[in-house]
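K.L.:
Here is my input; please provide its structure:
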Amino acid sequence: MRRHISDGRETRIEGHAWILGTHSGRFISTCTEGNEGRFVADLIRPNCEWDEVKIDLLLLPFEKERVMNIRVSPNRPRDCWYWGFDWDIVYSVKMAYAMLLCSEALATKPNIAARVEGEFSKCSFCNSFAESSLHLFRDCRVAWWVWEGLGVEGVMEEGGSGVRDWVEVCWKGTVESKYGKFMVGYWALWELRNTVVFEGSDIDPEKVVRRMMDVLEEGDGMGTVAEGDVVGIGVVSRDGNGAVLWGLSIVRNQNWDPSMGEAVAILDGLQEVAQRGHRNVEIESGCLMVVEAL
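P.N.:
Got it, this is the predicted structure:
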């Protein structure tokens with residue numbers, strides 16, 4: 001996972017992978033004394049241009065060139081995570097939801113409550129604490145049962161200032177070959193949570209663990225190939241305050257890659273927007289390739 005720089009306020013100069021054109025996404029030069037723990041925003045001027053003087057003091061010439069080629073957003077949104085493209089990985093819905101987790105954009109109850117008045121916000125598993133991402137996937141006792149059953153050590157004790165730091169630390173420590181137990185455990189918990197919420201299913205962590213162990217044995221930890229040529233597309237429209245206006249769900253008999261599916265979803269959404277007569281529309285997407293193309 002790598003960081004996409006927008007305003008640089010949440011990405012560390014050292015410690016986060018954010019440099020373009022390198023395998024690791026990190027620097028090989030050593031920051032000068034006193035710069036440890038600084039954020040990328042310290043290298044950006046108020047006019048959204050890179051501060052060459054500061055960069056010259058910190059980085060090697062070829063590293064500076066790569067940083068200067070990173071386009072800083074004039075709109076100054078938050079930095080975000082994205083997957084660095086790898087030909088050896090089949091990108092799937094699981095990976096897209098992992099990015100939503102890192103961005104704290106999953107449809108957890110508190111996130112829904114922020115948009116829908118009166119929505120209950122307690123954890124779907126324990127019903128004792130607010131259903132934050134960290135609680136749902138790390139701190140809840142049901143999460144502990146799943147992680148222990150999968151044999152993923154250390155996930156429950158890992159800290160960090162937020163869910164993104166936690167995910168990054170866990171991801172580094174649980175990758176096996178190109179399949180990750182962390183990804184499987186995260187997906188298992190999210191799937192279990194949704195069956196509890198939408199189907200009223202019983203909470204059975206042991207059953208979930210058995211199913212996920214079968215998935216790992218089949219080599220389906222990070223990516224899957226869909227059975228048949230079917231693509232599901234979803235669009236959600238919100239007003240200026242974040243309240244949901246309407247949603248759109250379409251199933252197409254196609255075999256598109258994720259970026260094409262995202263582009264078609266935007267097209268379908270814009271067509272629906274036009275039919276409804278909306279104006280002043282902003283588009284949000286988790287696909288960096290499509291965002292940059294727009």
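K.L.:
OK, contacts around the nearest residue to Cys126 once chain neighbours are set aside?
P.N.:
The shortest distance from Cys126 to any non-neighbouring residue, by Cβ to Cβ, 6 or more residues apart in numbering, is to Cys140 (5.4 Å). Using the backbone N, CA and C atoms, a C-beta is placed for each residue, glycine as well. Contacts for Cys140 (Cβ atoms under 8 Å, 6 or more residues apart in numbering) come out as 123, 125-126, 129.
K.L.:
Please tell me how far Cys140 sits from Leu189.
P.N.:
According to Cβ to Cβ, to the nearest Å, Cys140 stands 9 Å off from Leu189.
K.L.:
burial count for Trp144?
P.N.:
14 (other Cβ atoms under 10 Å).
K.L.:
measure it to Val152 for me?
P.N.:
Look at Trp144 and Val152: by Cβ to Cβ, they are 11 Å apart.
K.L.:
Then Gly242?
P.N.:
Note on Gly242: its distance to Val152, by Cβ to Cβ, is 34 Å.
K.L.:
So these two - more neighbours on which side?
P.N.:
A direct count of neighbours by other Cβ under 10 Å for Gly242 and Val152 places Val152 higher, at 18 against 10.
K.L.:
Contacts only, for the more buried one.
P.N.:
170, 174, 181-182, 185.
K.L.:
of those, closest to Val251?
P.N.:
Checking the contacts of Val152 against Val251 by Cβ to Cβ gives Gly185 as the nearest, at 28.1 Å.
K.L.:
Just give the closest residue to the closest one, not the sequence neighbours.
P.N.:
Using Cβ to Cβ, 6+ apart, the closest residue to Gly185 is Leu150 (5.0 Å).
K.L.:
these two touch, right, that neighbour and Asp214?
P.N.:
No: if you go by Cβ atoms under 8 Å, Leu150 and Asp214 don't touch, sitting 11.8 Å apart.
K.L.:
In terms of neighbours, single out the busier of those two.
P.N.:
Neighbour count, other Cβ under 10 Å: between Leu150 and Asp214, Leu150 has more, with 20 against 10.
K.L.:
Please name the residues that touch the residue nearest the centre of the chain.
P.N.:
In the chain, the residue lying closest to the centroid (Cα atoms, centre = their mean) is Met99, at 1.3 Å. Applying Cβ under 8 Å, 6+ apart to Met99 gives the contacts 80-83, 286.
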